[in-house]
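Novice: quick one: sequence and predicted model below, then my questions.
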Amino acid sequence: MLLQILVNGISLGSIYALTAIGYSLIYSILQLINMSNAAVFLTSAVIFYALYTSLTGSSVLLTFILTLMAAGAIGYVIEVIAIRPIREKGDSNTYALISSIGVKTILEQICQGTFGSEIKQFPTLLDGKYIDLFGARTSAIQIIIICTTLLILFFMNWFTQKNRVGRGLRALSQNLKACHLMGMPVNTLIGVSFAVGSMLAAVSGVAYCMYLKSISISVGSAIGNKAFAATVLGGIGELKGAVVGGYILAIAENLVSGYWSMSASNFISFGILILVLIIKPTGIFGKKEQKKV
Amino acid sequence: MKKYLNSKNILFVLIIAGMAVAPFITDAYQLRVLISCELNMIFAMSLNLLMGIGGTVSFGHVAFYEIGAYTTASLWYHFGWDYSTNFIFVILITGLAGLLLALPMSRITGRYVTIITLSFAEIVSLIIKNWDPVTLGQMGIVGIPSITLFGMRFKNKIQFFYFALIFVIVTYILMYWLVNSKLGRNLQAMRDDSIAAEAMGIKLFPNKVIVFTISAIFAGIAGSLYAHLMTYVEPATFNANLSFNCISIVVVGGLGNFTGTLIGALFLTILPEYLRKFEFLFKYRMIAYGMVLVIVMWLNHSIPGLKLKQSITGFFRKLLHKETAVEEV
């Protein structure tokens, strides 16, 4: 029972973690809560569905790659259209936040308009196959999700530590102005960070719908809010915090729904969040911020 | 008298006068749209107090709207009370909810406030979804009668319209008075620079509690009117999009500008209804809320190479916007 709960928790946690990294990455650079991330989650799942059913036939891999590219492009365009004009003026982040809410509404409404509001069947991989892991029934798609997430986490680690672009992003998060003065292409790099965040959201969006084997218009807001809660729980702006927060929330949710009731599992994630915010507002890994006069 | 004669108040009187004669020239459907305009006005003004004057971006304002709607609906369902009694409970319960949300603010500042409001709304909606004995859960409460005051039932929507209009006027006057009172000045000082305000002897926490409570009460009143207008409440209606739409209305009208909020509510409630006419746009009509947010944020800032911008921005600023800085989120 416990092992089964852990397996389910870890696979759901992987999905939270990937979206949460998107929030955290952009927050660490711009101190901006990018509300459009949840909408990209939904949009990419819808794009995957549309491509799979109409264009690419039945090749999951090809569809997946095309979806990733589309999500990256969407992320970059969001930055150029909605965030950059406000950022360049040097105005308060609140304005950029409101603008990102606007983008979220636009994307969600476009999805709703084109996709409709009914639940549809989503293509999945290796349907019905599972492994007995010490008594825990682990389906093939769960293993694929967990392995993909691990790969992506290793890749992100390499990307931010070793890669030139990733190191640039870390430099931006330390001091944006200094990067500007050193002649770094700040605008392009911020665009790249949005693209990376969107691609991660796309991976988790497609993975989540494969896990559920269905897609509906409400997946975005449901997972988006949870992933956001995970980001804050781990300490917003910290990549490892986002991952840890995602897994903690998902495992706690599964524990509660396993041993208590399904409806209580939704309470627990936001309950944990409020408790953490009251006890340690900066989250688990967050650094204490100093008020400057 | 002279100090009340500014452009905003004159515009307010004009809008109210226009609204007051509207029922004579509209059909039933248009009147219904106008009533939802009024509800949005009250709802958005309450959020504007919190955002524009209090400097807190709230993502969870729909929670109070929902609590208000469910309070009057459940009281009617279980006890059969009329609106004059329910109204007192709406004020008490939403005020209490606002107080509850304000409690963590003693420790939390800035962007974390936004996060707390989001989680608060999530928790409220979950409680209402699952508290079956009181709220009837997912089913919702159906068949709520029109507003009844001291045994007198409103027979038609025109009476409802004027009743809601009174609330709009009362809300505006109260907000105007509040902004220009000591509390309002304290709040604006806190919004612009909380450390300097604290150094001047303004206690941050009590002021925050008061503004949250007042804001919650007015959102709750709007919600209670909504329940009687729609005659049913169900949890699915009160989703996060309602909060975001409300933010759109406030932003269009200008932060801290209550006359602007009225215009924003009129504009953003009527526009999607108008777009229903067009077959092609029908499915996409709610995009207007998102577009408006992005475009207003642009206009307030620079669009490279657009000379028109200067004039438009200047025009809007003079007409609607009061330049305000919101606490960093």
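Specialist: Received it, and whenever you're ready, just let me know what you need. Numbering: from 1, shown residues only, chains lettered A, B, ... in the order given.
Novice: let me see the backbone angles for residue A:118.
Specialist: Residue A:118 has phi and psi values of phi -90, psi 160 when expressed as degrees, to the nearest 10.
Novice: for the one 3 residues further on, same thing?
Specialist: For residue A:121, the backbone dihedrals are phi -80, psi 140 (criterion: degrees, to the nearest 10).
Novice: also the one 5 residues further on?
Specialist: Taking degrees, to the nearest 10, you get phi 50, psi 60 for the backbone angles of residue A:126.
Novice: cool, and residue B:103?
Specialist: Backbone torsions for residue B:103, taken as degrees, to the nearest 10, come to phi -60, psi -40.
Novice: now do the contacts for it.
Specialist: Residues near residue B:103 by C-beta atoms under 8 Å, 6 or more residues apart in numbering or on different chains: residue B:209. Any C-beta I mention is one placed from the backbone N, CA and C, and that applies to glycine too.
Novice: can you give me the helices in the chain?
Specialist: Here I'm looking at chain A. A:2-30, A:36-50, A:60-78, A:84-88, A:93-115, A:140-161, A:164-174, A:176-181, A:186-212, A:219-234, A:239-259, A:262-279 (DSSP state H).
Novice: wrong chain, I was asking about chain B
Specialist: Under DSSP H, chain B gives helices at B:7-21, B:28-48, B:62-79, B:83-102, B:111-130, B:132-135, B:157-179, B:182-192, B:194-199, B:204-230, B:240-253, B:258-275, B:287-299, B:308-319.
Novice: any residue of the shortest one touching chain A?
Specialist: Think helix B:132-135. No. Using C-beta under 8 Å from any C-beta of the partner chain, helix B:132-135 stays clear of chain A, with a minimum separation of 10.0 Å.
Novice: check the fifth one too.
Specialist: Yes. With C-beta under 8 Å from any C-beta as the criterion, chain A is reached by helix B:111-130 at B:111-112, B:114-116, B:118-120, B:122-123, B:126-127, B:129-130.
Novice: now do that helix: which elements does it pack against?
Specialist: helix A:219-234, helix A:262-279, helix B:62-79, helix B:83-102, helix B:240-253 (3 or more C-beta pairs under 8 Å, 6 or more residues apart in numbering or on different chains; DSSP states H and E).
Novice: close to chain B, is stretch A:224-242?
Specialist: Yes. Stretch A:224-242 lies within reach of chain B by C-beta under 8 Å from any C-beta, at A:225, A:228, A:229, A:232, A:236.
Novice: who are the contact partners of the fourth one?
Specialist: Residue A:232 sits next to A:245, A:273, A:276, A:277, A:283, B:112, B:115 when contact means C-beta under 8 Å, 6+ apart.
Novice: quick one: low-confidence ranges for the chain?
Specialist: The chain I'm using is chain A. Residue ranges of chain A with pLDDT under 70: A:56-57, A:90-91, A:288-293.
Novice: chain B was what I was after
Specialist: B:1, B:300-329.
Novice: separation between the nearest residue to residue B:83 once chain neighbours are set aside and residue B:228?
Specialist: Ranked by C-beta to C-beta, 6 or more residues apart in numbering or on different chains and with sequence neighbours excluded, the top spatial neighbour of residue B:83 is residue B:147, at 4.6 Å. Distance from residue B:147 to residue B:228, counting by C-beta to C-beta, to the nearest Å: 5 Å.
Novice: do residue B:39 as well
Specialist: Using C-beta to C-beta, residue B:39 is found at 10 Å from residue B:228.
Novice: what's the neighbour count on residue 269?
Specialist: All of this refers to chain A. Look at residue A:269: counted by other C-beta atoms under 10 Å in any protein chain shown, it has 23 neighbours.
Novice: that answer is for a different chain, and I need it for chain B
Specialist: 22.
Novice: with the one 10 residues further on instead?
Specialist: For residue B:279, the count of nearby residues is 7 (other C-beta under 10 Å).
Novice: I'd assumed residue A:239 was in contact with residue A:25.
Specialist: Yes. Taking C-beta atoms under 8 Å as the definition, residue A:25 is a contact partner of residue A:239 at 6.7 Å.
Novice: before we move on, back to that, so what's the residue nearest to residue B:83 up against?
Specialist: B:83, B:153, B:154, B:160, B:163, B:225, B:228.
Novice: how far away is it from residue B:82?
Specialist: 8 Å.
Novice: spell out which parts of the stretch 151-293 of chain A neighbour chain B.
Specialist: A:221, A:225, A:228-229, A:232, A:236, A:263, A:266-267, A:270-271, A:273-274, A:277-278, A:281, A:291, A:293.
Novice: filter those to the buried ones?
Specialist: Those of those that meet the buried threshold are A:221, A:225, A:228-229, A:232, A:236, A:266-267, A:270-271, A:273-274, A:277, A:281, by 16 or more other C-beta atoms under 10 Å in any protein chain shown.
Novice: now, among those residues, which is nearest to residue A:193?
Specialist: Closest approach to residue A:193 among those (C-beta to C-beta): residue A:236, at 14.8 Å.
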